[in-house]
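S.K.: Quick one: sequence and predicted model below, then my questions.
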Amino acid sequence: MLWFLLCLSAYLIGSIPTGYIVAKRQNKDIRQEGSHNIGASNVSRSLGWLWGAFVLLIDFGKAFVFLWLITPFFTNDIVLGKIIGGAWLIIGNVYPLWLNFKGGKGIATGTGVFLAIFSNGLIIALIIFTLVCVTTKYISASSLSAAIALLLTRLQTIINNNNYFAQEAMALNFLIFCYVTLVFFKHKDNIKRLIKHQEKKISFKKPLK
(Lines give C-alpha, C1' and ligand atoms only; values in the text may rest on other atoms or scores of the structure.)
Protein backbone atom coordinates (compact mmCIF):
# COMPACT_ATOMS: atom_id res chain seq x y z
CA MET A 1 0.00 0.00 0.00
CA LEU A 2 2.84 2.38 0.85
CA TRP A 3 4.44 1.86 -2.56
CA PHE A 4 1.13 2.49 -4.30
CA LEU A 5 0.68 5.74 -2.37
CA LEU A 6 4.22 6.73 -3.31
CA CYS A 7 3.55 6.25 -7.02
CA LEU A 8 0.16 7.96 -6.91
CA SER A 9 1.32 10.97 -4.90
CA ALA A 10 4.47 11.38 -7.01
CA TYR A 11 2.41 11.29 -10.21
CA LEU A 12 -0.11 13.84 -8.91
CA ILE A 13 2.62 16.20 -7.66
CA GLY A 14 4.47 15.87 -10.96
CA SER A 15 1.21 16.55 -12.81
CA ILE A 16 0.77 20.03 -11.32
CA PRO A 17 1.05 22.15 -14.53
CA THR A 18 3.07 25.08 -13.22
CA GLY A 19 3.60 26.74 -16.60
CA TYR A 20 -0.08 26.49 -17.47
CA ILE A 21 -1.14 27.96 -14.11
CA VAL A 22 1.36 30.85 -14.35
CA ALA A 23 0.23 31.72 -17.88
CA LYS A 24 -3.44 31.55 -16.86
CA ARG A 25 -2.70 34.13 -14.17
CA GLN A 26 -1.55 36.36 -17.04
CA ASN A 27 -4.77 35.62 -18.97
CA LYS A 28 -2.95 33.43 -21.47
CA ASP A 29 -3.19 29.79 -22.42
CA ILE A 30 0.44 28.74 -22.74
CA ARG A 31 -0.69 25.84 -24.94
CA GLN A 32 -1.60 28.41 -27.59
CA GLU A 33 1.67 30.33 -27.31
CA GLY A 34 5.02 29.71 -28.98
CA SER A 35 5.80 26.00 -29.14
CA HIS A 36 2.51 25.22 -27.30
CA ASN A 37 4.46 23.47 -24.55
CA ILE A 38 3.77 24.22 -20.88
CA GLY A 39 7.44 24.04 -19.88
CA ALA A 40 9.74 26.78 -18.61
CA SER A 41 11.41 27.54 -21.95
CA ASN A 42 8.12 28.28 -23.71
CA VAL A 43 6.95 30.33 -20.73
CA SER A 44 10.21 32.31 -21.04
CA ARG A 45 9.56 33.08 -24.69
CA SER A 46 5.91 33.91 -24.15
CA LEU A 47 5.89 35.74 -20.80
CA GLY A 48 9.50 36.73 -20.19
CA TRP A 49 12.48 34.95 -18.70
CA LEU A 50 11.63 35.78 -15.08
CA TRP A 51 8.35 33.86 -15.35
CA GLY A 52 10.21 31.08 -17.11
CA ALA A 53 12.75 30.97 -14.28
CA PHE A 54 9.89 30.85 -11.77
CA VAL A 55 8.29 27.87 -13.54
CA LEU A 56 11.63 26.10 -13.73
CA LEU A 57 12.26 26.67 -10.03
CA ILE A 58 8.83 25.36 -9.00
CA ASP A 59 8.99 22.28 -11.25
CA PHE A 60 12.49 21.56 -10.02
CA GLY A 61 11.64 22.25 -6.39
CA LYS A 62 8.49 20.17 -6.18
CA ALA A 63 10.42 17.10 -7.36
CA PHE A 64 13.43 17.60 -5.11
CA VAL A 65 11.37 18.47 -2.02
CA PHE A 66 8.98 15.54 -2.58
CA LEU A 67 11.86 13.05 -2.69
CA TRP A 68 13.33 14.63 0.43
CA LEU A 69 10.02 14.43 2.31
CA ILE A 70 9.48 10.70 1.63
CA THR A 71 12.76 9.75 3.36
CA PRO A 72 11.21 8.91 6.79
CA PHE A 73 8.71 6.53 5.17
CA PHE A 74 11.28 4.37 3.36
CA THR A 75 14.03 3.94 5.92
CA ASN A 76 15.23 0.59 4.59
CA ASP A 77 14.50 1.22 0.89
CA ILE A 78 15.01 4.96 0.52
CA VAL A 79 17.17 4.77 -2.61
CA LEU A 80 14.70 2.53 -4.40
CA GLY A 81 11.85 4.67 -3.08
CA LYS A 82 13.42 7.81 -4.52
CA ILE A 83 14.04 6.12 -7.87
CA ILE A 84 10.45 4.91 -8.17
CA GLY A 85 9.06 8.19 -6.86
CA GLY A 86 11.30 10.11 -9.25
CA ALA A 87 10.08 8.08 -12.20
CA TRP A 88 6.45 8.91 -11.41
CA LEU A 89 7.25 12.59 -10.85
CA ILE A 90 8.69 12.75 -14.37
CA ILE A 91 5.77 10.82 -15.86
CA GLY A 92 3.38 13.21 -14.16
CA ASN A 93 5.18 16.24 -15.55
CA VAL A 94 5.26 14.91 -19.10
CA TYR A 95 1.79 13.34 -19.06
CA PRO A 96 -0.31 15.34 -16.55
CA LEU A 97 -3.77 14.12 -15.68
CA TRP A 98 -5.15 17.66 -15.55
CA LEU A 99 -4.23 18.60 -19.15
CA ASN A 100 -5.30 15.49 -21.05
CA PHE A 101 -1.83 13.98 -20.56
CA LYS A 102 -0.13 16.73 -22.60
CA GLY A 103 2.54 18.31 -20.43
CA GLY A 104 6.13 19.45 -20.38
CA LYS A 105 9.33 17.78 -21.50
CA GLY A 106 10.55 16.66 -18.10
CA ILE A 107 13.69 18.80 -17.94
CA ALA A 108 13.08 20.88 -14.80
CA THR A 109 11.36 18.04 -12.95
CA GLY A 110 14.07 15.61 -14.04
CA THR A 111 16.69 18.01 -12.71
CA GLY A 112 15.07 17.92 -9.27
CA VAL A 113 14.79 14.14 -9.39
CA PHE A 114 18.39 13.47 -10.35
CA LEU A 115 19.77 16.03 -7.93
CA ALA A 116 18.14 13.88 -5.24
CA ILE A 117 19.29 10.48 -6.52
CA PHE A 118 22.31 11.01 -8.81
CA SER A 119 23.79 14.39 -7.88
CA ASN A 120 27.24 13.82 -9.40
CA GLY A 121 25.78 13.08 -12.81
CA LEU A 122 23.32 15.95 -12.52
CA ILE A 123 26.07 18.46 -11.75
CA ILE A 124 28.02 17.40 -14.84
CA ALA A 125 24.82 17.55 -16.91
CA LEU A 126 24.16 21.10 -15.67
CA ILE A 127 27.69 22.17 -16.59
CA ILE A 128 27.19 20.80 -20.11
CA PHE A 129 23.77 22.46 -20.31
CA THR A 130 25.24 25.83 -19.34
CA LEU A 131 28.14 25.58 -21.79
CA VAL A 132 25.92 24.63 -24.71
CA CYS A 133 23.33 27.27 -23.80
CA VAL A 134 25.90 30.07 -23.56
CA THR A 135 27.51 28.96 -26.81
CA THR A 136 24.44 28.30 -28.95
CA LYS A 137 21.50 30.03 -27.15
CA TYR A 138 19.41 26.94 -27.94
CA ILE A 139 17.60 25.58 -24.89
CA SER A 140 16.63 22.42 -26.76
CA ALA A 141 20.21 21.63 -27.78
CA SER A 142 21.34 22.33 -24.23
CA SER A 143 18.72 19.97 -22.80
CA LEU A 144 19.62 17.18 -25.22
CA SER A 145 23.33 17.60 -24.53
CA ALA A 146 22.70 17.52 -20.79
CA ALA A 147 20.65 14.32 -21.14
CA ILE A 148 23.48 12.64 -23.02
CA ALA A 149 25.97 13.83 -20.39
CA LEU A 150 23.77 12.35 -17.64
CA LEU A 151 23.68 8.99 -19.41
CA LEU A 152 27.42 8.91 -20.12
CA THR A 153 28.22 9.89 -16.53
CA ARG A 154 26.05 7.05 -15.29
CA LEU A 155 27.80 4.58 -17.60
CA GLN A 156 31.17 5.76 -16.30
CA THR A 157 29.96 5.37 -12.70
CA ILE A 158 28.82 1.80 -13.39
CA ILE A 159 32.20 0.91 -14.89
CA ASN A 160 34.14 2.48 -12.02
CA ASN A 161 32.03 0.91 -9.26
CA ASN A 162 31.62 -2.45 -10.96
CA ASN A 163 28.11 -2.86 -9.50
CA TYR A 164 26.28 -3.90 -12.64
CA PHE A 165 23.65 -6.15 -11.07
CA ALA A 166 22.83 -4.50 -7.74
CA GLN A 167 19.07 -3.93 -7.51
CA GLU A 168 19.25 -0.20 -6.86
CA ALA A 169 21.93 0.30 -9.51
CA MET A 170 19.88 -1.51 -12.14
CA ALA A 171 16.77 0.50 -11.21
CA LEU A 172 18.66 3.78 -11.57
CA ASN A 173 20.24 2.64 -14.83
CA PHE A 174 16.81 1.82 -16.22
CA LEU A 175 15.36 5.14 -15.07
CA ILE A 176 18.15 7.18 -16.64
CA PHE A 177 17.98 5.25 -19.92
CA CYS A 178 14.18 5.70 -20.11
CA TYR A 179 14.48 9.36 -19.13
CA VAL A 180 17.02 10.17 -21.83
CA THR A 181 14.91 8.31 -24.39
CA LEU A 182 11.85 10.30 -23.28
CA VAL A 183 13.73 13.60 -23.48
CA PHE A 184 14.75 12.90 -27.06
CA PHE A 185 11.23 11.78 -27.96
CA LYS A 186 9.69 14.95 -26.51
CA HIS A 187 12.27 17.06 -28.37
CA LYS A 188 11.73 15.41 -31.76
CA ASP A 189 10.23 18.58 -33.26
CA ASN A 190 13.04 20.68 -31.81
CA ILE A 191 15.59 18.31 -33.35
CA LYS A 192 13.95 18.76 -36.77
CA ARG A 193 14.08 22.55 -36.38
CA LEU A 194 17.70 22.42 -35.24
CA ILE A 195 18.65 20.44 -38.34
CA LYS A 196 16.85 23.00 -40.52
CA HIS A 197 18.31 25.94 -38.55
CA GLN A 198 14.78 27.06 -37.67
CA GLU A 199 14.94 26.66 -33.90
CA LYS A 200 14.40 29.86 -31.88
CA LYS A 201 17.16 31.05 -29.59
CA ILE A 202 16.61 32.04 -25.99
CA SER A 203 16.62 35.76 -25.21
CA PHE A 204 17.22 37.49 -21.90
CA LYS A 205 16.34 41.00 -23.11
CA LYS A 206 12.77 41.11 -21.78
CA PRO A 207 12.50 40.04 -18.13
CA LEU A 208 8.70 40.22 -18.07
CA LYS A 209 5.82 40.74 -20.49
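M.R.: That came through fine. Numbering: from 1, shown residues only.
S.K.: does the spatially closest residue to Ala40 that is not a sequence neighbour belong to a helix or a strand, and which?
M.R.: Distances taken as Cβ to Cβ, 6 or more residues apart in numbering place Leu56 nearest to Ala40, at 3.8 Å, with adjacent residues excluded. Quick note: C-beta positions are derived from backbone N, CA and C, even for glycine. Per DSSP states H and E, Leu56 falls inside helix 49-69.
S.K.: which stretches of the chain have low pLDDT?
M.R.: 163-165, 203-209 (pLDDT under 70).
S.K.: Grab the most central residue of it for me.
M.R.: Ile107 (2.4 Å; Cα atoms, centre = their mean).
S.K.: Quickly note the distance from the residue lying closest to that residue once chain neighbours are set aside to Trp3.
M.R.: Leaving aside its chain neighbours, Ile107 sits nearest to Ser143 (5.1 Å; criterion: Cβ to Cβ, 6+ apart). According to Cβ to Cβ, to the nearest Å, Ser143 and Trp3 sit 30 Å apart.
S.K.: So for these two, which residue has more residues nearby?
M.R.: Between Ser143 and Trp3, counted using other Cβ atoms under 10 Å, Ser143 has the larger neighbour count: 27 against 13.
S.K.: Mind naming the longest helix for this protein?
M.R.: helix 139-161 (DSSP state H).
S.K.: Direction-wise, compare that helix with helix 49-69 and give the angle.
M.R.: Computed with axes from the mean of the first three to the mean of the last three Cα atoms, to 10 degrees, the direction of helix 139-161 lies at 30 degrees from that of helix 49-69.
S.K.: Can you name the element that comes right after helix 139-161?
M.R.: Using DSSP H and E, the helix or strand that directly follows helix 139-161 along the chain is helix 167-186.
S.K.: Determine the set of other helices and strands touching that next one.
M.R.: Where contact means 3 or more Cβ pairs under 8 Å, 6 or more residues apart in numbering; DSSP states H and E, helix 167-186 is packed against helix 78-94, helix 107-117, helix 139-161.
S.K.: Now do the contacts for Ile191.
M.R.: Contact partners of Ile191, counting by Cβ atoms under 8 Å, 6 or more residues apart in numbering, are 140, 144, 184.
S.K.: quick one: which of those is nearest to Gly39?
M.R.: Ser140 (10.6 Å; Cβ to Cβ).
S.K.: Could you give the number of residues near the residue nearest to that closest one when sequence neighbours are not counted?
M.R.: Spatial nearest neighbour of Ser140, excluding adjacent residues (Cβ to Cβ, 6+ apart): Asn190 at 3.7 Å. Using other Cβ under 10 Å, Asn190 has 23 neighbouring residues.
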